[in-house]
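>>> Mind folding the following:
(chains A and B)
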Amino acid sequence: MTKRRLGKVLFVSMLLTLTIALSGCAGDKEDGGSSESAITIGIPQDLDSLDPNLATGAGTQEMLFNVYEGLYKPDSDGNLVPAVASDCVISEDGLVYTFTLREGVKFHNGNTVTVEDVVYSMNKCAGNGSGEPLISAFSIVEKVEAPDDKTVVLTLSEANKDFLSILAAGETCIVPADVADLETTPIGTGPYKIVSRSLQESVELEKFDEYWGEPAHIEKVTLKILADADAVLMNLQGGAVDLVARVTAATASELGDQFNIVEGNMNLVQALYLNNGVEPFNNEKVRQALCYAVDKQEIFDFVANGKGFAIGSSMYPSFGKYYMEELNDVYTTDLEKAKDLLAEAGYPDGLTFTIKVASNYQQHVDTATVLAEQFKKIGVTANIELIEWETWLNDVYSNRQYEATVVGMDASTLTAGALLKRFNSTAHNNFTNYNNPDYDAAYANALAAATDEEATGYYKECETILAETAANVYIQDLAEFVAINKKYAGYESYPLYVMDIAKLYIVEE
Amino acid sequence: MKKKLLNQPTFLLGTIITSIMLLMTFIGFFYTPYDPTQMDNSNKLAGCSLEHIMGCDNFGRDIFSRVLQGMGNTFLIAVATVTIGVVCGILLGAFTGYFGGWIDEVIMRIIDVIFAFPSILLALVFVSIFGTGKYNVVFALGIAFIPSFARIVRSEFIKYKDMDYVKSARLAGVSDLRIMFVHILPNTMTVLLSSIMIGFNNAVLSEAGMSYLGIGVQPPDASLGSMLSEAQSYLFSAPNYAIFPGVMIILLVLGFSLMADGLKSR
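Presented below is the predicted three-dimensional model:
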């Protein structure tokens, strides 16, 4: 081959490359200016169910908030606002709730929400008369009736001041009566509808045009699963995702100036949860010893550059009147006392246990690493075992096959019960196997209390019991760093573990 | 013969690198400048200095101490893995190669099946069944390493079993076992040695890969792979965190590769 020919070939191929590259640029510009707006949000785990009644993960409820709605829903200040219902009248004895349906609320399949749908949804939560309510708070629902085509009446067997909050939770939302399997055909009334889902990969949402309320701003939303905490930074910087709630402090500081960081708190009770049903944690003194060994400030320093909100019981600051700051001081770091307690409990030479942590939550992994180092000082060896989130849900949460775990518990409603109910000895989700008759009694008293003050008093008693018996090693409500690309804005923090995607919008340049 | 080997530049270089790495690993078993899990808030992500020659990680732990401990973990896992692979591989390869027949067919087909899976994938399956942790990784990788050794040993045995010295040993009434392991096995050493070194490299890389994925050595213990994965979040603010463990993996593998190369071209 001659040199000239080679040159020609090179020249032509260069021209070609340039043309493609340039037209590529033009295409990009058109894309950005088109009406189809989109955002990709990184989430740390796949949704465990698309059926809101069955979803357990906090991260699932967080996202389904945009798809399903209850009769009422919480707003960003923690108030309850009417959603599918437009109005609610509660009888004086607190037993009869009369809801008026909002007119023109549509399901994602185009059908209008009728009283039949509401009655069906409520009955579904109550267990359809099987005696075993799907949502445990619905055990007090006596009957659900629809006197006319606009009204639904719920009759309770006993009063519960928090019942409206329970109805506003993600798990008690209104679903269509004629769709049997929400898992495959998820249909709700929220501002976004689920279009498609690839397991362990992504979930596609699309704006619901016939939404009754203020419409969402962004047309298409992709929830991309970033199960590897290390991948978060790369995905954000590479532009593969635009928003990740709850990045680590380290990631937040690594991100360049194309991102805004919204700071808040996560609204979680992060603790070293101990399986109270197994050796050695069935011994209160061992649990207390661990509490005395922990230095919370050191955890904040290592995990979130010194940021975090210390808690002393199963309650976090956003709860206002229920939160007891004084419980933070029940255990102050005291290594000598911790060693003495261990010796009293029959472990003078220390002990060994395993902390199972879900590897997709870097904050919890880091916390566990610091804890293990702190426990060393009192002769306790804590081995860490990283497991997948799905394995965690199955082994730790459902089957209770573990000794200790670091995780954050969220509240599905802004009621004290949302964080305290699980420690009743008979609660189905009592995954720590906590068993204390005093606690059960105090909790029952709170439910039966006549006035709100009285109930609050009993709830505080519950929190105090949890702290004093060292049910778990309560650590903090984690500082939250939301990384959001500067192209978008409108992220609103809720006092609950939810993300309101409908409020997000694209910043005009 | 030994002198010749050391005169070869690649083998010599490989030996030097490997000796240094091994020396560091062995020192790491008994002595590290700091406790590898000792956290220090004032030294978070500290750069290289005289106190901390490789700097500190996000918990203020001394990276040099962790590299030493990590090399120890990686080395032990690699040695254990290769040992399982070599011992089982020699046994299987020797019997199938020497005796042949239908047992040979059956065992080799099973080995083919194991061989058909990429070793990391196979190890992942084992780990998901038996759980994470150092020992499970050794077990999983060990099994994945058997086929390659078994095949090499088998082909060597087939080559030697009809040689005159084997025939005459047989005529002299030497037992089969003695022929296999005293007469034939030493002759396979040349091939076996270089494949052990290559196998060791693969084991180091597989271990690093598994720990990088979070299913090998569990925190707070260090392994070169898990350090890389932890360092990923700090690539820009503390590049030394990722560079040193990475360089160590490269050197460890490079040293053995060069030695294997030298052995082969002898």
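
>>> need the residues of the stretch 101-250 of chain B near chain A, please.
B:131-133, B:214-215, B:218-220, B:229-230, B:232-237 (Cβ under 8 Å from any Cβ of the partner chain). In this view, the C-beta of every residue, glycine as well, is placed from N, C-alpha and C.

>>> Give me the neighbour count for the closest residue to A:N433 other than its chain neighbours.
Excluding the flanking residues, the one nearest A:N433 by Cβ to Cβ, 6 or more residues apart in numbering or on different chains is A:G277, at 3.1 Å. Neighbourhood size, A:G277 [other Cβ atoms under 10 Å in any protein chain shown]: 14.

>>> next one: A:P147
The tally of other residues near A:P147 (other Cβ under 10 Å) stands at 10.

>>> Run the chain-centre distance for the host helix or strand of it.
A:P147 belongs to strand A:141-148 when elements are defined using DSSP states H and E. Strand A:141-148 has its C-alpha centroid displaced from the chain centroid by 31 Å (Cα atoms, centre = their mean, to the nearest Å).

>>> How about stretch A:91-108?
With Cα atoms, centre = their mean as the basis, stretch A:91-108 stands 26 Å off its chain's centre.

>>> swap in stretch A:44-55?
In this view, stretch A:44-55 has its centroid 11 Å away from the chain centroid, taken as Cα atoms, centre = their mean.

>>> End to end on that stretch, go ahead and measure it.
Stretch A:44-55 has an end-to-end distance of 16 Å (criterion: Cα to Cα, to the nearest Å).

>>> Could you list the buried residues of that stretch?
Across stretch A:44-55, burial judged by 16 or more other Cβ atoms under 10 Å in any protein chain shown covers A:P44, A:Q45, A:D46, A:L47, A:D48, A:S49, A:L50, A:D51, A:P52, A:N53, A:A55.

>>> Around the residue nearest to the first one when sequence neighbours are not counted, how many other residues sit close by?
Nearest in space to A:P44, with sequence neighbours left out and distances taken as Cβ to Cβ, 6+ apart, is A:N360 at 4.7 Å. By other Cβ under 10 Å, the residues close to A:N360 number 26.

>>> what's the distance between A:N360 and A:V232?
Using Cβ to Cβ, to the nearest Å, A:N360 is found at 10 Å from A:V232.

>>> which neighbours do those two share?
Shared contacts of A:N360 and A:V232 (Cβ atoms under 8 Å, 6 or more residues apart in numbering or on different chains): A:L226.

>>> and chain A, which residues reach chain B?
A:229-230, A:232-234, A:248, A:250-251, A:253-254, A:298, A:301-302, A:359, A:362, A:365-366, A:368-370, A:372-373, A:376, A:383-387.

>>> Can you go through these and name the buried ones?
Among those, the ones that count as buried (16+ other Cβ under 10 Å) are A:229-230, A:232-233, A:248, A:250-251, A:253-254, A:298, A:301-302, A:359, A:362, A:365-366, A:368-370, A:372-373, A:376, A:383-387.

>>> pull the longest helix from chain B.
Secondary structure of chain B per DSSP state H: the longest helix is helix B:63-99.

>>> Buried residues, that helix. List them.
Going by neighbour count (16+ other Cβ under 10 Å), the buried part of helix B:63-99 is B:63-78, B:80-82, B:84-86, B:88-98.
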